[in-house]
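>>> Have a look at this prediction, sequence included:
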Amino acid sequence: MSDESDPAPVNPLPPVVAALFLLIVAVEAAFSLGARGLLGGPGAVGWRAVAIETYGMNGAVLGWMVETGRWPLEHLSRLVTYQFVHGSFTHALFAGVMLLALGKMVGEVFGALATLAVFVVPGIAGAAVFGLAVPEPGWLIGAFPGVYGLIGAFTYLLWVRLGAMGETQARAFMLIGVLLGIQLVFGALFGGRPDWVADVAGFATGFLMSVFVSPGGWTRLRARLRHD
């Protein structure tokens, strides 16, 4: 039997997901190596702090743009770039693992552009909502709002599947409920800033976007509206 007919032992990772993961890894590797003096010389020790101030999202920055009506590119770009700057290796590790897991499940159904969209756009929405809801000084960094956008897309796919099977569609929201519950418990026990606001906004945006960008999503929505 030809080797070409044998199925691959592991389904390949969607390239767009791999690219996002590698970007997170590359940035974190630079910070970690720089902090240990293995890259960039003495000044590299502060690379993470500089990157947070340069590329992170801050409620005060968004508030300034809204109040003045000025939208410089260097600040608008923060709505995207903050997702690739993390506070620690562990922070980046957890975000990267979740990106791989959710990105693979969503990417196998969505096309490359749709998968990228339900990561980037929910990340932008999460940062915007966070900046407006949490106006005090403080940085929003990390890929979790975008990852929660992928969770929203995965939830939508599960919601559609359960509906087609005639089962209770509310079960599709168990994952987001568990994750947010864990976040709230950790926040209550150990304190921390309300980054969950950005995560919830990312999830909601990813779920709603999936109605339109998933394969057959718009057609399915029109059919349902006509049936109703």
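Everything's here; your move. Residues are numbered from 1 along each chain as shown.

>>> hey, let's count contacts and neighbours off CA atoms from now on
Will do.

>>> where in the protein is pLDDT low?
1-11, 186-192, 217-228 (pLDDT under 70).

>>> if you set the cut-off to 80 instead, what comes out?
1-11, 135-137, 182-194, 216-228 (pLDDT under 80).

>>> Grab the nearest non-local neighbour of residue 80.
residue 124 (6.0 Å; C-alpha to C-alpha, 6 or more residues apart in numbering).

>>> Then residue 106?
That would be residue 154: by C-alpha to C-alpha, 6+ apart, it lies 5.9 Å from residue 106.

>>> What residues does that neighbour make contact with?
By C-alpha atoms under 8 Å, 6 or more residues apart in numbering, the residues touching residue 154 are 102, 105-106, 207.

>>> Compare these and tell me which has the most neighbours.
Neighbour tally across the contacts of residue 154 (other C-alpha atoms under 10 Å): the maximum, 26 neighbours, falls on residue 106.

>>> Look up how far residue 152 lies from that one.
Here residue 106 is placed at a distance of 10 Å from residue 152 (C-alpha to C-alpha, to the nearest Å).

>>> residue ranges of the helices in the chain, please?
Assigned by DSSP state H, the chain shows helices spanning 15-35, 47-55, 59-68, 73-76, 78-81, 89-107, 112-133, 144-164, 174-190, 196-213, 217-227.

>>> and these, which is most packed in?
Most buried of the helices of the chain by mean neighbour count (mean count of other C-alpha atoms under 10 Å) is helix 144-164; its value is a mean of 25.

>>> Hey, what's the angle from that helix to helix 89-107? Just curious.
30 degrees (axes from the mean of the first three to the mean of the last three C-alpha atoms, to 10 degrees).

>>> quick one, helix 144-164 and helix 174-190 angle?
140 degrees.

>>> Make CSV out of the contacts of residue 154 and add distance to residue 141.
Below are these laid out as CSV (distance: C-alpha to C-alpha, whole Å):
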residue, distance to residue 141
102, 19
105, 24
106, 23
207, 22
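
>>> Find the centremost residue of the protein, please.
In the chain, the centroid-proximal residue (C-alpha atoms, centre = their mean) is residue 146; its distance is 1.3 Å.

>>> Just to check, that one is in contact with residue 127?
No. Using C-alpha atoms under 8 Å, residue 146 makes no contact with residue 127, being 9.7 Å away.
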